[in-house]
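one predicted model, sequence on top.
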Amino acid sequence: MPETNYTPPNESPPAQIHPVLKGQKALVTGASKGLGQAVAIGFGQAGADVLVNYYTDEDGARQTAKSIEECGGKAQLFKADVAREDDVRAMFRRMIEVFGRIDICVPNSGIQLNARVDEMTLAQWQRVIDVNLTGMFLCAREAIRAFKKQGIDRSVSYAMGKLIFMSSVHDIIPWEGHANYAAAKGGIMLLMKSIAQEVAHLRVRVNAISPGAIRTPMNVEKLTSPEVFERALLKLIPAKRIGEPEDVARAVVWLASDESDYVNGATIYIDGGMTLYPGFIGAG
């Protein structure tokens with residue numbers, strides 16, 4: 001009989017990213033750490049050149065660029081606040097100046113300013129919405145404009161462009177004390193689907209990734225707390241492990257490649273089963 005109390009080791013498979021993005025040019029926001037960093041490096045491993053956006057962590061962005069260059073790719077750093085229209089426009093101009101085109105855009109930047117709703121300030125609400133939702137819109141708008149202007153180059157990709165939003169399981173899971181964050185992520189879902197519907201006929205593919213508990217700087221405090229980690233967090237994950245940034249990066253690379261050419265308007269949940277209502281395990 002199998003051991004009923006077996007817990008799988010908390011590790012993900014080794015990365016096996018092939019050069020499926022050779023010759024493509026990508027822009028990743030918030031690429032100085034966490035998921036953005038992993039995605040940008042994954043693109044470099046897959047053969048793409050990458051504009052590495054950051055806002056405050058220049059050292060982290062330089063480390064991302066170094067890793068991309070060690071894979072043989074080119075990297076360009078650009079400081080921009082994605083909530084500011086002028087910054088976003090300048091970033092896309094720089095992208096075209098340096099790389100000549102843009103094939104992949106990953107609006108990834110996100111922040112948390114947590115408070116219970118009756119204690120949340122307007123500034124906390126507005127800044128999270130500005131970065132986590134308006135920033136997504138501004139990057140998406142500029143990417144679509146660039147895709148339309150440059151057209152399709154079949155020697156690079158069968159798509160005119162790929163737009164991949166970084167969302168969260170909290171686009172469908174409510175989160176006490178994080179109403180601003182959850183509202184922004186819920187907004188991303190229909191922003192993504194509406195844009196996908198609008199531009200699919202142009203062969204622009206628009207999708208989203210919704211990670212669960214991933215070992216990133218945003219989550220590290222929760223993941224290193226024994227009480228939260230052992231007694232609470234893992235109870236929410238049927239796979240019984242925390243996700244690694246590379247788990248997300250591999251999926252984003254696939255969505256950016258022609259291997260996912262018929263995937264449009266989809267959200268991929270990378271969460272170890274967190275969205276499977278784990279509270280019902282054993283309750284039947």
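It's in.

tell me where the stretch 101-250 of the chain has helices.
Using DSSP state H, counting those that start in this stretch, the helices of the stretch 101-250 of the chain run over residues 122-129, 135-150, 179-199, 220-223, 226, 245-256.

closest one to Asp81 among these?
Nearest to Asp81 among the helices of the stretch 101-250 of the chain is helix 135-150 (8.1 Å), distances taken as CB to CB. The way it works is simple: take the backbone N, C-alpha and C, and place the C-beta from them, glycine included.

which residues sit against that closest one?
Helix 135-150 has contacts (CB atoms under 8 Å, 6 or more residues apart in numbering) with 27, 29, 82-83, 85, 88-89, 91-92, 95-96, 101-102, 105, 107, 109, 160-161, 163, 165, 188, 191, 195, 199, 202, 204, 206.

quick one: that helix to helix 122-129, angle?
On the basis of axes from the mean of the first three to the mean of the last three CA atoms, to 10 degrees, helix 135-150 is oriented at 30 degrees to helix 122-129.

now helix 135-150: buried residues?
Within helix 135-150, the residues scored as buried using 16 or more other CB atoms under 10 Å are 135-140, 142-144, 146-147, 150.

from the opening residue of stretch 44-53 to its closing one, how far?
14 Å (CA to CA, to the nearest Å).

closest one of the buried residues of helix 135-150 to Ile172?
Met136 (16.9 Å).

can you tell me how far the closest one is from Lys240?
32 Å (CB to CB, to the nearest Å).

likewise Ser67?
From Ser67 to Lys240 the distance is 30 Å (CB to CB).

who has more neighbours, those two?
Ser67 (20 against 14; other CB atoms under 10 Å).

so that one is in which element?
helix 58-70 (DSSP states H and E).

out of the helices of the stretch 101-250 of the chain, which gets the lowest mean score?
Lowest mean pLDDT of these: helix 220-223, a mean of 64.

quick one: name whatever helix or strand follows it.
helix 226.

on that earlier part again, now the helix holding Ser67: how far from the chain's centre is it?
On the basis of CA atoms, centre = their mean, to the nearest Å, helix 58-70 sits 18 Å off its chain's mean C-alpha point.

what residues does that helix touch?
Here helix 58-70 has contacts from 31-33, 36-37, 40-41, 43-44, 49-50, 52-54, 74-77, 79, using CB under 8 Å, 6+ apart.

what does the next helix or strand after that helix rub up against?
Counting by DSSP H and E, the next helix or strand C-terminal to helix 58-70 is strand 75-79. Strand 75-79 is contacted from outside by 40, 44, 49-55, 58, 61-62, 64-66, 68-69, 91, 94-95, 98-99, using CB under 8 Å, 6+ apart.

which among those residues count as buried?
Using 16+ other CB under 10 Å, the buried members of the contacts of strand 75-79 are 40, 44, 49-55, 61, 64-65, 68, 91, 94-95, 99.
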